[in-house]
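>>> sequence first, predicted model second:
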Amino acid sequence: MRTSAHLRPVRSGRGAVLALLTGAGLVLTPMTAQAAGGTSAPAAAPVTSVAAASSTAQAVLDTALAQQGKPYVWAGAGPNSFDCSGLTQYAFAAAGISLPHSSRVQSGMGTPVARGDLQPGDLVFFYSPVSHVGIYLGNGQMVHAPTAGSTVSVVDVDRMGGFHSARRLA
């Protein structure tokens, strides 16, 4: 039996998409259910301490690392949320160093550092023009406030891609 189009219920939004996909034989499952064993991988434990060459750099590192897990918020400068340059501004302020709330402006401050000469506490900058900054921890890692929907975290510098430059302020 055929039904006319004007007698069928009209679906819109998510319900229509779900009906379309299930009608096509596709099943939607949460990503965590697709992982081996049906669970997602545990989050890495936060880095809690890194040794720096100076007490100033140590204060920067300790302050930045203490912010792990706090949400990224555009224009956030702490203490409850951060964007990338807000995190560096906050951490350096704890060591008595005033920074502007701009990764691009921060990239012109201090002394240039070659990538092979990075030390814990150095600022690392990404993209051209510069639009992201983190604080180098050593062993190829940095702490940063990545992007909307994420939190302050520790990552490998190489994971970022687009390394631009580094500067030493402390």
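Happy to help now that I have it. Numbers count the residues shown, from 1 in each chain.
>>> can you give me the strands in this protein?
111-112, 123-126, 132-138, 141-144, 153-156, 163-168 (DSSP state E).
>>> isn't Val133 up against Gly108?
No - assessed by Cβ atoms under 8 Å, Val133 is found out of contact with Gly108, at 11.7 Å. All C-beta atoms are positioned from the backbone trio N, CA, C, and that covers glycine.
>>> among the two, which residue is more densely surrounded?
Val133 (28 against 13; other Cβ atoms under 10 Å).
>>> scan the helices and strands of the protein for the one with the lowest mean pLDDT.
In the chain, no helix or strand scores lower on mean pLDDT, DSSP states H and E than helix 31-34, which sits at a mean of 28.
>>> quick one: the helices in this structure?
For the chain, the helices defined by DSSP state H cover 13-23, 31-34, 55-65, 84-94, 103-106, 157-160.
>>> would you single out the least confident of those helices?
Looking at the helices of the chain, the lowest mean pLDDT belongs to helix 31-34 (a mean of 28).
>>> how many residues are close by Thr92?
One thing to correct before we go on: residue 92 is Phe, not Thr. With other Cβ under 10 Å as criterion, Phe92 counts 26.
>>> wait, isn't it in contact with His101?
No - Phe92 lies out of contact with His101 (Cβ under 8 Å); the separation is 11.3 Å.
>>> how about stretch 69-80: buried residues?
Within stretch 69-80, the residues that count as buried by 16 or more other Cβ atoms under 10 Å are Lys70, Tyr72, Gly76, Ala77, Gly78.
>>> ok, Met160 to Asn139 distance?
15 Å (Cβ to Cβ, to the nearest Å).
>>> more neighbours: which of the two?
Neighbours were counted for Met160 and for Asn139 using other Cβ under 10 Å; Met160 has more, 18 against 10.
>>> that one contacts Tyr136, correct?
No - with contact defined as Cβ under 8 Å, Met160 does not reach Tyr136; the gap is 11.7 Å.
>>> what residues are shared contacts of the two?
Met142 (Cβ atoms under 8 Å, 6 or more residues apart in numbering).
>>> residues contacting the closest residue to Gly96 other than its chain neighbours?
Once flanking residues are discounted, Gly96 sits nearest to Thr56: 7.3 Å by Cβ to Cβ, 6 or more residues apart in numbering. Going by Cβ under 8 Å, 6+ apart, Thr56 touches Ala95, Gly96, Ile97, Gly121, Ala170.
>>> got it, and Asp83?
Per Cβ under 8 Å, 6+ apart, neighbours of Asp83: Tyr72, Val73, Trp74, Ala75, Gly76, Ala77, Ala145.
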